[in-house]
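In: what's the 3D shape of this:
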Amino acid sequence: MTDRNNSFEKIAPEPTADIALPAFAPASTGFLSRLQHLLHSNPSMVPLIVLLMSVGVFGLVLGERFFSPFALTLILQQVQIVGIIAAAQSLIILTKGIDLSVGAIMVLSSVVMGQFTFRYGIPVPISIICGLICGMACGAVSGLLVSRMKLPPFIVTLGMWQIVLATNFLYSGNETIRAQIIETEAPLLQFFGTKFSIGGAVFTFGVIFMVLLIVGLAYALKHTAWGRHVYAVGDDIDAAELSGVKTGRVLLSVYMLSGLICAFAGWALIGRIGSVSPTAGQLSNIESITAVVIGGISLFGGRGSIMGALYGALIVGVFTLGLRLLGADAQWTYLLIGVLIICAVAVDQWIRRVSV
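Out: Modelled structure (predicted):
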C-alpha cells in the first residue's frame, strides 16, 4: 500500500497557483474594420454617399444648369416610376427572391384601368380599384407558388412575366388610349401626373406618392413585427420557421404587397406619359433591379434598407440628366451604371464577408 501511494504521488501533478489561459487576438480596430461594421449597420450609407458625390460633381461642372430647382425636381419626376417599382422589388429581394414580372404587372394594371373605363364605361374610381386588385392578384399567384409549392422565385416570376405580358397584349389588342381622350373624359387616371410648384421647384403627385411610399415601407420594415419577419425570412428561412415565424404567410404578404405597389405604379405611369399604352415600361423590371442593387440591398437577402432603393434610383436619374446636359452620348450613362452595379455587388460581398 505504501508503494502504491508513493507511485500515485509521483504521477499526480503538483497543484499550481496560476493556470495559463490561451490568449486571443484582439479584434481589429483599424479604419477599414470600423468602416466595414459601419456599412454593415447602415447599408444605405454607400449609395447616399455616391448620390451626394455625383450631385456635387455635376453641380461643379454644370453650375446653375444642374443646381436649379427645376433641374433637381426634374430628376424626381423622371425616377418616380422606377422608384415605386424599386420599392416593390426591394421587398422581394429582401426575402432572398427576385421578381422579373414587376414591369409587366404595372403595365397590365394600367391597361385594366383604361380598358374598364373606356371599353365598359365603368366609373373611373371603380376601374382604378379593379386595376389595383389585378396587380395584387398577380402578386398573390406568384406568392402562392413560391410559399406553398416552394418553387424558385426566379423561375416563378420569369413565367409570370411572360404570362402577364401576353395577357396584356391579348386583352388590350395592342390598343393605346390617347392622352387627349383621358384628359377630357377621365382626368382622374392622370392624377399622379398633376404638377404643382413650390418656389420654382415643380413636383407631381407621383413624386409625393413615391417618397411617402418608401418612407412608410422603411418604417414598417424597421419598427414592426412584420418587417422583422421579412428580414428573418431573407436571412435564413429555415431558422425563421424554427423560431415560430409563419414564413409562408410572410412570403405571400410580401408578393401581394409588391403586386399592389406595381399596380399603383401603373396608375402613376398613366399620369407620367399621359396615355394608356400596352408597350410602356418595357425595361422597368431591369431598371428596378438596377436601383435596388445600386441602393445597397443585398441580392442574397436579409440585409439592406429600402431607402437605398430610392437613393439608387436617384443616382441613375442624376447620371442621366447630368450627362444629357453635358451633351454626352446616352451610352455613357449605361456604361457608368454598369460599373456602379458591379461595384455595388463587390462592396456588398466585402461587407458580408468581413463584418460579423
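In: name the residues that touch the helix or strand where Asp238 lies?
Out: For Asp238, the element it lies in under DSSP states H and E is helix 237-242. Helix 237-242 has contacts (C-beta atoms under 8 Å, 6 or more residues apart in numbering) with Lys96, His229, Ala232, Val233, Thr247. (Each C-beta comes from the backbone N, C-alpha and C, glycine too.)
In: what packs against the helix or strand containing Gly56?
Out: Element membership of Gly56, judged by DSSP H and E, is helix 45-62. Of the remaining helices and strands, those touching helix 45-62 by 3 or more C-beta pairs under 8 Å, 6 or more residues apart in numbering; DSSP states H and E are helix 31-41, helix 64-67, helix 306-326, helix 330-354.
In: burial count for Gly244?
Out: Gly244 sits with 8 neighbouring residues when counted by other C-beta atoms under 10 Å.
In: pull up the gap between it and Lys222, please.
Out: 21 Å (C-beta to C-beta, to the nearest Å).
In: geometric centre of this structure: which residue is closest?
Out: The centroid of the chain falls nearest to Ser90 when counting by C-alpha atoms, centre = their mean (2.7 Å).
In: how far off centre is the helix or strand that one falls within?
Out: Assigned by DSSP H and E, Ser90 belongs to helix 69-94. How far helix 69-94 lies from its chain's middle: 9 Å, per C-alpha atoms, centre = their mean, to the nearest Å.
In: okay, the closest residue to Asp236 other than its chain neighbours and Ile81: tell me how far apart.
Out: Excluding its sequence neighbours, the residue lying closest to Asp236 (C-beta to C-beta, 6 or more residues apart in numbering) is Gly302, at 7.3 Å. Distance of Gly302 to Ile81, computed by C-beta to C-beta: 27 Å.
In: if we can go back for a sec, after the helix holding Asp238, next one along is what?
Out: Defined by DSSP H and E, the subsequent element after helix 237-242 is helix 247-273.
In: just the buried residues of stretch 193-213, please?
Out: Gly193, Phe203, Thr204, Phe205, Gly206, Val207, Phe209, Met210, Leu213 (16 or more other C-beta atoms under 10 Å).
In: now do the end-to-end distance for that stretch.
Out: 16 Å (C-alpha to C-alpha, to the nearest Å).
In: chain center to it, what's the gap?
Out: With C-alpha atoms, centre = their mean, you get 21 Å for stretch 193-213.
In: quick one: mean pLDDT over that stretch.
Out: Average pLDDT, stretch 193-213: 91.
In: give the contact list for the residue nearest to Asp236.
Out: Here Gly302 is in contact with Leu94, Lys96, Tyr231, Ala232, Val233, Gly234, Asp235, Asp236 (criterion: C-beta under 8 Å, 6+ apart).
In: can you say which of those residues are buried?
Out: Burial by neighbour count, 16+ other C-beta under 10 Å: within the contacts of Gly302 this picks out Leu94, Lys96, Tyr231, Ala232, Val233, Gly234, Asp235.
In: which ones among the residues you listed lie within helices?
Out: Leu94, Tyr231, Ala232, Val233, Gly234, Asp235 (DSSP state H).
In: among the residues you listed, show me the least confident.
Out: Asp235 (91).
In: quick check, that one in contact with Arg303.
Out: Yes. Using C-beta atoms under 8 Å, Asp235 makes contact with Arg303 at a distance of 7.3 Å.
In: about what we covered before: now the helices and strands packed on helix 45-62 in JSON lines, with mean pLDDT and distance to Leu132?
Out: Converted to JSON lines, the helices and strands packed on helix 45-62 look like this (pLDDT from 0 to 100; distance: least, C-beta to C-beta, whole Å):
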{"stretch": "helix 31-41", "mean pLDDT": "68", "distance to Leu132": "36"}
{"stretch": "helix 64-67", "mean pLDDT": "85", "distance to Leu132": "37"}
{"stretch": "helix 306-326", "mean pLDDT": "91", "distance to Leu132": "21"}
{"stretch": "helix 330-354", "mean pLDDT": "81", "distance to Leu132": "31"}
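In: who wins for proximity to Leu145 among those?
Out: Nearest of the helices and strands packed on helix 45-62 to Leu145, taken as C-beta to C-beta: helix 306-326 at 24.0 Å.
In: go through the closest one and flag the buried ones.
Out: 306-323.
In: list the contacts of the residue nearest to the centre of the chain.
Out: Leu217, Val292, Gly295, Ile297, Gly304, Ile306, Ala309.
In: run the chain-centre distance for stretch 111-123.
Out: Centroid separation between stretch 111-123 and its chain, computed with C-alpha atoms, centre = their mean, is 30 Å.
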